[in-house]
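> sequence? don't have it. structure:
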């Protein structure tokens with residue numbers, strides 16, 4: 001197997017972000033950094049986006065969100081992957097947004113929040 005190499009030019013990333021903002025008239029921007037920022041380094045890319053004012057980050061897995069929080073990322077983080085009931089306390093602990101895909105999960109999330117005195121930011125998958 002041939003060795004592979006990738007170099008991320010943050011100036012190009014900044015330019016791309018500026019173009020997105022220009023063409024969307026400065027609407028809120030979510031930067032998706034799932035899968036290790038598509039192989040570019042999740043922490044480096046997330047820190048770059050936080051520094052350059054994106055509104056939130058998107059990840060695939062709970063574990064990716066935890067890595068970002070442990071590294072000091074304070075932006076809102078949306079986890080796109082499926083949620084297991086037993087994971088909800090972790091989502092709350094790390095202040096991660098997640099998707100609710102059933103009425104049952106919504107009700108159970110509400111009970112967990114009520115009993116723990118915490119709030120969840122959820123997105124409904126319709």
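Received the coordinates, thanks. Fair warning: this is a prediction, and the values are worked out from it, not measured in the lab. Numbering: from 1, shown residues only.

> test my guess that residue 55 contacts residue 75.
Yes - with contacts counted by CB atoms under 8 Å, residue 55 reaches residue 75, the gap being 7.4 Å. Using the backbone N, CA and C atoms, a C-beta is placed for each residue, glycine as well.

> could you pull out the strands for the chain?
Using DSSP state E, the strands of the chain run over 30-32, 56-59, 77-79, 97-100, 122-124.

> want to throw the ones you listed into a markdown table with distance to residue 45, mean pLDDT and mean neighbour count?
Putting those into a markdown table (distance: least, CB to CB, whole Å; pLDDT from 0 to 100; neighbours: other CB atoms under 10 Å) gives the following:
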| stretch | distance to residue 45 | mean pLDDT | mean neighbour count |
| --- | --- | --- | --- |
| strand 30-32 | 8 | 96 | 17 |
| strand 56-59 | 9 | 98 | 20 |
| strand 77-79 | 13 | 98 | 23 |
| strand 97-100 | 19 | 97 | 19 |
| strand 122-124 | 23 | 96 | 14 |
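
> reformat the ones you listed as TSV; add distance to residue 112.
Below are these laid out as TSV (distance: least, CB to CB, whole Å):
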stretch	distance to residue 112
strand 30-32	26
strand 56-59	21
strand 77-79	16
strand 97-100	12
strand 122-124	12
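
> so which of those is nearest residue 11?
Minimum separation from residue 11 across the strands of the chain (CB to CB) falls at strand 30-32, 16.2 Å.

> for that closest one, give me every contacting residue.
Judged by CB atoms under 8 Å, 6 or more residues apart in numbering, the contacts made with strand 30-32 from elsewhere in the structure are 17, 45, 46, 49, 54, 55, 56, 57, 58, 59, 78.

> one more time with 7 Å, if that's ok
Where contact means CB atoms under 7 Å, 6 or more residues apart in numbering, the residues beyond strand 30-32 that reach it are 49, 54, 55, 56, 57, 58, 78.

> re earlier: so for residue 55 and residue 75, which residue has more residues nearby?
Residue environment comparison for residue 55 versus residue 75 gives the larger neighbour count to residue 75, 17 against 12, counting by other CB atoms under 10 Å.
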